[in-house]
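*Asks:* test case, fold it:
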Amino acid sequence: MLFQDKYERARKLQQENVQKPDVYEEYNGEKLYEPTVEEQLEKGDMFALMVSGLLTILPVALLALLLIVFISWIIFIH
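*Replies:* Now for the predicted structure:
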């Protein structure tokens with residue numbers, strides 16, 4: 001194998017690391033802790049999500065609107 005040494009070193013490090021108990025692991029069929037959306041978001045995350053959504057959706061919506069206007073202009077004016 002081309003990167004055999006790196007692979008073996010990574011596997012060795014993986015095996016040495018002791019996994020910490022996961023807070024999401026199930027206990028008797030019920031989750032011990034499940035964070036809410038508010039707990040996972042930081043202070044400016046909601047604003048950033050809204051701005052990125054607008055930057056993603058608005059250009060596509062404007063293109064669709066311009067396409068509809070252009071097609072209707074061709075049909076009804078010419």
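
*Asks:* quick one, helices of the chain?
*Replies:* Counting by DSSP state H, the segments of the chain that form helices are 4-16, 37-40, 45-77.

*Asks:* among those helices, show the one with the smallest mean pLDDT.
*Replies:* Mean pLDDT is lowest for helix 37-40 out of the helices of the chain, coming in at a mean of 74.

*Asks:* how far out from the middle of the chain is that helix?
*Replies:* 15 Å (CA atoms, centre = their mean, to the nearest Å).

*Asks:* for that helix, list the C-alpha coordinates in CSV.
*Replies:* In CSV, the C-alpha atoms belonging to helix 37-40 read as follows (Å, rounded to 0.1, in the frame of the first residue of the first chain):
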residue,chain,number,x,y,z
VAL,A,37,-31.9,24.2,18.7
GLU,A,38,-31.5,27.3,21.0
GLU,A,39,-28.7,25.6,22.9
GLN,A,40,-26.8,24.7,19.7
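
*Asks:* packing partners for it?
*Replies:* In this structure, helix 37-40 makes packing contacts with no helix or strand, judged by 3 or more CB pairs under 8 Å, 6 or more residues apart in numbering; DSSP states H and E. Just so you know, the C-beta spots here come from the backbone N, C-alpha and C atoms, and that holds for glycine as well.
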